[in-house]
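**Q** Here is my input, please return the structure:
(chains A and B)
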Amino acid sequence: MNREPALKTVIACLACLAITAPGLADDPHRDARMAMVKEIEDDVRRTSLALDKESLDPRVMDAMAAVPRHRLVPDEAQDSAYENRPLSIGHGQTISQPYIVAVMTDLLKTTPSSRVLEIGTGSGYQAAILAELVRQVYTIEIIEPLGELARDNLAALGYRNIELRIGDGYYGWEEQAPFDAIVVTAAASHVPPPLIEQLASGGRMMIPVGSRFMVQQLVLVEKDDAGRVTTRQILPVRFVPLTGRH
Amino acid sequence: MPRAGTARPPFLSVALISAAALGYEILLMRLFSISQWHHFAWMIISLALLGYGASGTFISLARQALLPRFNTVYPLNLLLFGLASVGCYLAAQQVPFNAEEILWEWRQSLYLLALYLLHAVPFFFAANGIALALSRYRDAVSLTYAADLLGAGVGGLTVIALLFMLLPHTAMKVIAVLGLLAALVAVYEIPASRRRRWQAVALPAIVLLAAMPGEWLQPQLSPYKGLSQTLRIAGSEIVDTRSSPLGLINVVTSHIPFRNAPGLSLMSRAPIPEQVGVFTDGDGPATIDHNPDRQALGYLDMQTSALPYHLSTINQVLVLGAGGGNAVQQAANHAARHIDAVEINPQIISLVADDYAAWTGNLYTRPGIHVHAAEARGFLTGTAQRYDLIQIGQLDAWGGSGGGLYALNESYLYTVEALQTYLEHLAADGYLVINSWIKLPPRDSLKLLATATRALRQAGHDQPATHLAMIRGWQTATLLVKNTPLSAEETGRLQAFCEARSFDPAWYPGMTAAETNRFNILAQPYFFTAARALLGTASESFMARYKFDIEPATDNRPYFFNFFKWGILPEILELRGQGGLPLLESGYLVLVAALLQATVISVLLIVLPLWGLGEHKSPSQHGVSRARTGLYFFAIGISFLFIEIAFIQRFIQFLHHPLYAVSVVLTAFLVFAGLGSAWTSRRHGGRRAVARAAAGIVVLGLLYLLALGPVFGELVSLPITGRILVSVLLIAPLAFCMGMPFPLGMARLAASAPRLTPWAWGINGCASVLSAILAALLAIQFGFMVVVLIALLLYAVAALSFP
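**A** Take a look at the predicted model:
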């Protein structure tokens, strides 16, 4: 897909004015999606201390407003598709609450020319968000039926800049390396060394840590221009000071 | 129908149904711990036990209709227990309850309610049977109650023995059959008509149950448990299953390697060997490394836990919680000469030592490696060995601790007293090393630090800050404690170890703030700041102000994994939409939720019969005050379990193994209380007898509070059989006295106000449920000593309120 941001903004404006581009005008979920975006914006403002910013990258918020989340969740979760909550997508897998997806995507600091690797496609929602923002998304899913479904759904939505592979994500996607950003949503006991190697200098890797329904913290792995690797642990919640108010 | 009080009560069937019901309770707990998580299992079963209270209410209201038909309804209820035990369990398996979604999804509350109701049904029928027998044979209440208690005592022991031989879901069939057998025995014990008809129903049911395929009853694992997640991956399969009361173990192989290496340094390029996964109750995995050539596995040197091996030469190592053997291999990597590996679960030892011996390069039979199936502190009390290193494995699985799921689990491994024991077993310059997960905001790492600090202070070290070091990666932290101050050479080596692996020091003597946040960067240097505060003079006020409970756990309050403080609840709920819920330490709240629900239901169950019977209008019946009756049975219901629960905990410190403690204490309490109850059958003058029993309980209880510690200290070196015998002898007189108040009260009602008998039974049932929940809440807040004191006070109240 990879529509140009300017064009996307125009379309969004037209949609808002209800002068409408075909397709978006008929989208009965548009209001729910915009409400979700508004909710995320409010939450980010409330959490500004922890995130160290008042608002997320507008490009990320545009992507959140553009991706039809309801097309990437199972039928039984349709009613909750735009609620700010994690959802079960079958096969014991979940997608994070939209707020966490937005924060994680923002932290990756991608540009339109970025190439991004995702480990753990799940329903394909995170890949779709990234596809709105970057040149190319490579995504790997280990559970075959989940991967096949995501492939079909993403194709039906017209995303052409997502390449999906079914298999073990531990070794990354060496032929396409290095990547400007990597998202690891699959459970991992450690950061796979091959992924560190495939991260470009100046690149960022994001690992949400916690249980299936509750992201406890975000681990951001950064590789500087000299190849030195550090991690940054982010609590995506405003929860300071730890020892109460003095 | 024989005249009331003349026929012999159906003792055997009462004992059998009581055995089956207690066995069923223990089994449900096991099965739920496998399919869900422990604390939800606990809540569901607590609430289901209100089936006992409901039974009291039901019989109070339907007494007139039921008692004349006793010969039919008594065996019928036992039969229904047998059928419902399996039937309701199967139905409950179909309920798609997901504990993690309960705050997001309203349907989950309905599913939870469905689980309560379904599981209450079998307990309801079992309790009906016993309550009917108590009401029908009014002159033999003491002996009937004795049969009930003795049956429960034997049932508890039997099911624990069964769990060594059978998978839990297979044991479920045995329990159901036991229920049906109770019904069959009943029709021969009482003058039931049409025995053949009963046989015609019960015998085919027994045959059908026995023939039922085991898979039907297999617990449906939550799809979010580690084992379910692993089995989703093509090529993963369970290659071995074994079970004991300590847990259900599944051994899993996978085409996609497990690559389990928690907290591996970002700098590591060492390969992770092939592994098999070992899941306990569906959680995990712990892994067993493939190392047939006995190589030094380099990845183990790139974890924070390898720190002590880089500070000094280490020859004598003790690994507590050996699991799949990784820490043992780590010690072997560094050529430690003597390694003692202690693991509580013999089935896990057998996996590594026997089944996977070749796979591990015979790790457990290599020279110098000694494996012990024991509980950690129990092992240490039996050895005079001093170690250069005592290493304790990772605290628990990340997934569990993150949500506070272990908050309700007592743990005697991480108390101040435990750490003192470890320190006493260190060689002069030895290290105690404990590994934990990093959580944000920090919780368990800081609680460990606080606990170690207090243990050092109590051991007479007035400068604990010089005896401690802590390092952290992005995922794990390692705490190192010494009896002597760390030398400059050691801290220098620590810095080099961290530098080479991109770990950050969180604390070492002489550390500066500039060193805190170099590789694993936090918004603030939480760990260093907290360590400095905890090691300084203001540690108490720091802990009081901290948003989570990081006060050291003690043997009296052994809840290391409870971090909940009421103060943060509103804040977290406010942050719900902004990713705040994971901060909720849900274990404690589950307890509170269980208490609230149980209280509401209990009040309804206790009040309902009064209105139904029109009893609320008259102040008393034949001189028996309902208020006094209610208070009496409520007080003894609460206090019996308070003491039993507190003593199970107390005796864990003597018997060491939780299984021994639970089996011995539970059985001894029930059996001797049963004997106490039987003894009252020949006594009259209820009020005076209750006063004497209560006085005995209070005196013995106070004596034990004061003397058990020293007695245990003297006798702890006895072999286990000796310690079991001592435990039984100590429990016997107390339990004997505790068995008396219930039958004495019942006998009084039977003589003067028989309509109140089932009501009192219901109150006692409700009180027992509330008691288990309250005991845990009180122990978390104030410790088990307070639980015992309150129980003693309640026995005094009972003596004064005898109806």
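**Q** I'd like to know the phi and psi angles of B:Gln218, please.
**A** Comment: the main-chain dihedrals of B:Gln218 come out as phi -60, psi 130, following degrees, to the nearest 10.
**Q** didn't it look like it was pressed against B:Pro168?
**A** No. Counting by C-beta atoms under 8 Å, no contact exists between B:Gln218 and B:Pro168, whose distance comes to 9.3 Å. From N, CA and C alone the C-beta is placed, and that goes for glycine too.
**Q** which of the two has more neighbours?
**A** Between B:Gln218 and B:Pro168, B:Pro168 has the larger neighbour count (other C-beta atoms under 10 Å in any protein chain shown), namely 27 against 16.
**Q** which residues touch that one?
**A** For B:Pro168, the contacting residues are B:Leu27, B:Arg30, B:Leu31, B:Ile34, B:Pro219, B:Ser243, B:Leu248, by C-beta atoms under 8 Å, 6 or more residues apart in numbering or on different chains.
**Q** and the fifth one, how many residues sit next to it?
**A** Taking other C-beta under 10 Å as the neighbour definition, B:Pro219 ends up with a count of 21.
**Q** One more: the fourth one?
**A** Taking other C-beta under 10 Å as the neighbour definition, B:Ile34 ends up with a count of 29.
**Q** got the contact list for it?
**A** Applying C-beta under 8 Å, 6+ apart to B:Ile34 gives the contacts B:Pro168, B:Pro219, B:Leu221, B:Leu248, B:Asp281, B:Gly282.
**Q** Looking at the third one now. What's its pLDDT?
**A** At B:Leu221, the model reports a pLDDT of 88.
**Q** ok but it is inside a helix, no?
**A** No. Assignment of B:Leu221 by DSSP: H, G, I helix; E, B strand; the rest coil gives coil, placing it outside any helix.
**Q** what's in contact with the top helix by length along chain A?
**A** In chain A, taking DSSP state H as the definition, the longest helix is helix A:30-46. Contact with helix A:30-46 is made by A:15, A:24, A:27, A:51, A:53-56, A:61, A:64-65, A:68-70, A:81-84, A:98-99, A:102-103, A:238, B:577-578, as judged by C-beta under 8 Å, 6+ apart.
**Q** List the residues that contact A:Asp224.
**A** Counting by C-beta under 8 Å, 6+ apart, A:Asp224 touches A:Ser201, A:Gly202, A:Thr230.
**Q** As a check, name the ranges of all strands in chain A.
**A** Taking DSSP state E to define them, one finds strands in chain A at A:87-90, A:93-95, A:115-119, A:136-141, A:162-166, A:179-184, A:199-210, A:215-223, A:229-234.
**Q** so what's the residue of the stretch 51-200 of chain B found nearest chain A closest to, chain neighbours aside?
**A** Nearest to chain A, among the residues of the stretch 51-200 of chain B, is B:Glu100, at 4.0 Å (C-beta to the nearest C-beta). Leaving aside its sequence neighbours, B:Glu100 sits nearest to A:Phe213 (C-beta to C-beta, 6 or more residues apart in numbering or on different chains; 4.0 Å).
**Q** ok, back up a step: wait, the residue of the stretch 51-200 of chain B closest to chain A sits on A:Ser211?
**A** Yes. The pair formed by B:Glu100 and A:Ser211 meets the contact definition of C-beta under 8 Å, at 6.4 Å.
**Q** more neighbours, these two?
**A** Just comparing B:Glu100 and A:Ser211: by other C-beta under 10 Å the higher neighbour count belongs to B:Glu100, 24 against 19.
**Q** in a helix, that's where the more buried one is, yeah?
**A** Yes. Counting by three-state DSSP, one finds B:Glu100 located in a helix.
**Q** residue contacts, it?
**A** A:Ser211, A:Arg212, A:Phe213, A:Met214, B:Tyr224, B:Gly403.
**Q** Show me where chain A dips below the pLDDT cut-off.
**A** For chain A, the stretches flagged by pLDDT under 70 are A:1-26, A:49-50, A:237-246.
**Q** one more time with 50, if that's ok
**A** Per-residue confidence for chain A (pLDDT under 50) gives these ranges: A:1-5, A:10-25, A:244-246.
**Q** Now do the end-to-end distance for stretch A:102-111.
**A** With C-alpha to C-alpha, to the nearest Å as the measure, the ends of stretch A:102-111 fall 15 Å from one another.
**Q** Filter the contacts of helix A:30-46 down to the ones in helices?
**A** The helices in this structure, assigned by DSSP H, contain A:Ala15, A:Leu51, A:Met61, A:Met64, A:Ala65, A:Pro98, A:Tyr99, A:Ala102, A:Val103 from the contacts of helix A:30-46.
**Q** Near chain B, list only the ones from those residues.
**A** A:Tyr99, A:Val103 (C-beta under 8 Å from any C-beta of the partner chain).
**Q** Include neighbour count when you put the ones in helices among the contacts of helix A:30-46 into a markdown table, please.
**A** Rendered in a markdown table, the data for the ones in helices among the contacts of helix A:30-46 read as follows (neighbours: other C-beta atoms under 10 Å in any protein chain shown):
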| residue | neighbour count |
| --- | --- |
| A:Ala15 | 19 |
| A:Leu51 | 23 |
| A:Met61 | 19 |
| A:Met64 | 24 |
| A:Ala65 | 19 |
| A:Pro98 | 27 |
| A:Tyr99 | 26 |
| A:Ala102 | 26 |
| A:Val103 | 28 |
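**Q** right, and the pair among the ones in helices among the contacts of helix A:30-46 with maximum separation?
**A** Comparing all pairs in the ones in helices among the contacts of helix A:30-46 by C-beta to C-beta, the longest separation belongs to A:Ala15 and A:Leu51, at 28.0 Å.
**Q** okay, the strands of chain A in TSV with distance to chain B and mean neighbour count next?
**A** Rendered in TSV, the data for the strands of chain A read as follows (distance: least, C-beta to the nearest C-beta, whole Å; neighbours: other C-beta atoms under 10 Å in any protein chain shown):
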stretch	distance to chain B	mean neighbour count
strand A:87-90	8	21
strand A:93-95	8	23
strand A:115-119	13	25
strand A:136-141	11	26
strand A:162-166	9	18
strand A:179-184	13	25
strand A:199-210	6	21
strand A:215-223	5	21
strand A:229-234	4	20
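**Q** what about the nearest residue in space to A:Ser201 that is not next to it in sequence, distance to chain B?
**A** Spatial nearest neighbour of A:Ser201, excluding adjacent residues (C-beta to C-beta, 6+ apart): A:Asp225 at 5.0 Å. From A:Asp225 across to chain B, the span is 17 Å (C-beta to the nearest C-beta, to the nearest Å).
**Q** Check the secondary structure at the residue nearest to B:Glu410 when sequence neighbours are not counted for me.
**A** Computed as C-beta to C-beta, 6+ apart, the closest residue to B:Glu410 that is not its neighbour in sequence is B:Pro558, at 4.4 Å. Under three-state DSSP, the three-state class of B:Pro558 is coil.
**Q** contacting residues for B:Pro558?
**A** B:Pro558 makes contact with B:Glu410, B:Ser411, B:Tyr412, B:Thr415, B:Gln649, according to C-beta under 8 Å, 6+ apart.
**Q** Alright, that wraps it up for me.
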